Every structure is written in structure tokens, then in C-alpha cells.
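Visitor: 3D model of this:
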Amino acid sequence: MDEYFDSDTMFGEEQRVEPGDERSTAIATAQSWELPYLDDEPLLIDSESAKRVGGEELARIGAAPVRCSDGSVRVALADATPERIAGIREHFSGSVDIGVVKTSTLASLLDAASIAVASSGTDSVTNGAAAAAPVWGRSLERVLSLFDTEATRLQDLRGKLQELGGEMAARERRVQELETELQRIRLERLRDQEAVDRLRHDLADRNNRLERALSKTQELAAIIQGGHL
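Guide: Residues are numbered from 1 along each chain as shown. Sure, this is the predicted structure:
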């Protein structure tokens with residue numbers, strides 16, 4: 001049984017839980033390992049290779065044999081690691097080409113590979129019934145895994161937002177402290193200005209008193225001088 005997968009088409013409910021940055025992650029993985037990115041072309045499960053390796057083993061190593069639009073057979077994976085690539089080399093030809101797809105695309109390919117392996121028997125009804133539970137069970141497990149991944153990312157984002165909120169609260173407290181300090185300085189300047197004004201007033205009052213005292217002294221001196229004459 002062969003199934004086609006286009007870069008933007010997947011069956012089941014997994015399409016609604018696809019992470020927003022899944023494509024960019026897959027492209028980055030392909031570039032870092034110098035592997036082709038396969039999600040931009042229709043992919044066909046290579047049934048013979050899938051039957052030879054087995055659906056359970058393909059799921060274990062996280063890889064699926066696909067036939068590309070140019071007719072070549074490649075092994076698609078989503079998470080490239082030295083161990084996974086070594087496992088692919090062990091199960092397939094050492095010269096097999098490897099490509100990268102999105103995690104959700106690989107999940108759909110692995111389900112199709114399991115169905116292809118199950119449908120290879122003579123009793124299709126029996127094989128289909130035997131394979132349906134593990135296939136859909138793995139699909140549910142992958143959906144839950146995607147939910148867990150998104151929950152982890154949201155938790156990390158929440159932690160970063162809380163950290164940013166703490167920094168913003170600290171800055172807000174510092175701004176309030178500075179505003180309070182500025183208000184205190186303004187109040188002190190106002191009080192100093194009031195003190196200066198009072199001193200000026202007192203000085204002017206004293207000058208007036210001195211001038212009046214001097215005037216009376218001069219008048220008294222004139223009277224005394226007139227009396228002597």
C-alpha cells in the first residue's frame with residue numbers, strides 16, 4: 001500500500017497540532033547536516049523497503065523510506081543524530097541517500113509505512129485489524145508528544161516572561177525611587193529658596209533699622225552741637 005504526502009498535506013488530526021516553527025527547524029537541521037530538505041516535494045512510501053525493515057523498527061529508529069518525485073529512494077528523518085544515521089546505515093544500503101522532513105510529516109510517513117507492512121499479508125482483514133490499534137496508538141502518542149513539546153515551550157516562554165516581568169518591575173521600582181528622590185531634591189531646593197528669601201528679608205529689615213538708627217544719631221548729634229553753640 002503506497003501513500004503520497006505533499007509538503008503541506010497530512011492526514012489525521014496531526015495537522016492541527018503542527019508547531020509553528022516546525023518547517024524552519026527542519027530546514028535548519030537539513031542545512032546543518034548538509035542534507036536535502038524533502039518536504040517541498042510529494043513523497044511516496046517505498047513499500048518494499050518498509051516491508052523489509054518493518055514498521056516497528058522504522059518507528060524505533062525514527063526514519064521512513066520514501067520515493068521522491070525524481071524516482072530515487074531516500075530515507076527521511078526529522079531529527080538528525082549520529083546514532084540515528086548509523087541506524088539507518090545499518091538497516092538500509094550504506095550508500096542510501098538521507099533527507100530531512102518535518103516531524104509531523106515523518107509521523108504520517110511512519111503510520112503509512114506501518115499500514116503498508118501490515119497490508120502485505122494474504123489476509124487483509126486480519127492484518128488490518130491487527131495493525132490498526134498500534135498504528136493509531138502511535139499516532140495518538142505522537143499527538144500527545146507534540147502537545148507535550150508545545151507545553152514545554154509554553155512553560156519556557158512563561159518562565160522568560162516572568163523573568164522579564166521581574167526585570168520590568170525592578171526597573172519600575174527604580175524609576176519610582178528616582179522620582180521620589182527628585183521630588184525630595186525639588187522640595188529641599190524650595191525650602192532653601194524660602195530660607196534665602198527670609199534671610200534677604202531679615203537683612204533688608206536690619207538695614208532699614210540701621211539706617212533709621214543712623215539718621216536719629218545724626219539728628220541727635222546736630223542737636224548736641226547746636227546746644228554747645
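
Visitor: And Ile98, how close does it get to Leu106?
Guide: For Ile98, the distance to Leu106 equals 12 Å [CB to CB, to the nearest Å]. The C-beta positions use only the backbone N, C-alpha and C, and glycine is treated the same way.

Visitor: typo on my end, it should be Arg171
Guide: Going from Arg171 to Leu106 by CB to CB gives 45 Å.

Visitor: before we move on, what about Arg184?
Guide: Taking CB to CB, one finds Arg184 at 65 Å from Leu106.

Visitor: overlap in contacts of Ile98 and Leu106?
Guide: In terms of CB atoms under 8 Å, 6 or more residues apart in numbering, Ile98 and Leu106 are both contacted by the residues 63, 76-77.

Visitor: Among those residues, which one has the most neighbours?
Guide: Using other CB atoms under 10 Å as the neighbour test, the shared contacts of Ile98 and Leu106 are led by Ala63, with 30 neighbours.

Visitor: Now do the strands in this structure.
Guide: Taking DSSP state E as the criterion, the chain contains strands spanning 4-5, 43-45, 63-67, 73-77, 97-100.

Visitor: Parallel or antiparallel, list what pairs with the fourth one.
Guide: In the sheet, strand 73-77 lines up against strand 63-67 (antiparallel), strand 97-100 (parallel) (DSSP bridges).

Visitor: Rounded mean pLDDT for it, please.
Guide: Summarised as a single mean, pLDDT over strand 73-77 is 92.

Visitor: same check, this time on stretch 173-186
Guide: The pLDDT scores in stretch 173-186 average 92.

Visitor: ditto for stretch 29-40
Guide: For stretch 29-40, mean pLDDT rounds to 92.

Visitor: Touching that stretch from outside, list them.
Guide: 7, 23, 26-27, 66, 68, 74, 76, 78-80, 97-102, 105.

Visitor: Now that stretch: buried residues?
Guide: Neighbour counts over stretch 29-40 (16 or more other CB atoms under 10 Å) mark 29-30, 35, 37-39 as buried.

Visitor: so how far is Arg174 from Gln183?
Guide: Applying CB to CB, the value for Gln183 to Arg174 is 15 Å.

Visitor: Now do the contacts for Leu58.
Guide: Residues in contact with Leu58 (CB under 8 Å, 6+ apart) are 50, 64-65, 110, 113-114.

Visitor: Who wins on neighbours among the residues you listed?
Guide: For those, the largest neighbour count, defined by other CB under 10 Å, is 31 neighbours, found at Ala64.

Visitor: That one reaches Ala78, doesn't it?
Guide: No - using CB atoms under 8 Å, Ala64 is not in contact with Ala78, being 9.5 Å away.
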